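A.B. asks: curious how this folds, go ahead:
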Amino acid sequence: MSKMPEKPTVLLYEEVGRDDPAKSAAQGTAPPRELVARAKKTGAWRKKIARGEAGFFMNRSFLPPGFRVPPHSHDHDELMVVLAGGCSFDEGLADLAANDSIVIHANYRYGFTCGSEGMEFLTIRMGEARMAVDE
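C.D. replies: Sure thing, here's the model as predicted:
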């Protein structure tokens, strides 16, 4: 006999609260304290929507105009999809606008600065990534 597949998991955006950096810190997946403090001060936010269902992890984030994400890397590959606004990656890697995407491989070091509209985007991974920021 074949096993019945699991029922789909429905993730309703409005029912997901914004990320609590204290909980992420306890799991070892929070960005550095300085970055969290700057994000809080400027109105940046993140919602962890998919949290391991079928192996997927997806965040929806907003960063305000001019917000700088310093050079860093993650321990999982990621797909970043820009929903609104845009950013410029360091070293001329790419300039992304709404509807653009980039696949960044695990352990690749990158940083970016948001444009004049800020940026709202999805980050999709196959694991809860840890962040290593350059000093």
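
A.B. asks: which residue sits closest to residue 55, ignoring its sequence neighbours?
C.D. replies: residue 126 (5.5 Å; Cβ to Cβ, 6 or more residues apart in numbering). Glycine gets a C-beta too; all of them are placed from N, C-alpha and C.

A.B. asks: please apply the same query to residue 74.
C.D. replies: Nearest to residue 74 is residue 129, by Cβ to Cβ, 6+ apart, at 3.9 Å.

A.B. asks: surely that neighbour and residue 75 touch.
C.D. replies: Yes - using Cβ atoms under 8 Å, residue 129 is in contact with residue 75, at 5.7 Å.

A.B. asks: with neighbour numbers in mind, choose between these two.
C.D. replies: residue 129 (18 against 14; other Cβ atoms under 10 Å).

A.B. asks: what residues are up against that one?
C.D. replies: Shown in contact with residue 129 (Cβ atoms under 8 Å, 6 or more residues apart in numbering): 29, 57, 74-76, 78.

A.B. asks: please repeat the previous calculation with a cut-off of 10 Å.
C.D. replies: The contact partners of residue 129, taken as Cβ atoms under 10 Å, 6 or more residues apart in numbering, are 29, 57, 59, 73-78, 106, 123.

A.B. asks: next step: those residues restricted to strands.
C.D. replies: The members of the contacts of residue 129 that map onto strands under DSSP state E are 57, 59, 73-74, 78, 123.

A.B. asks: let me know the closest of these to residue 45.
C.D. replies: Residue 45 lies nearest to residue 59 out of the ones in strands among the contacts of residue 129, by Cβ to Cβ, at 10.2 Å.
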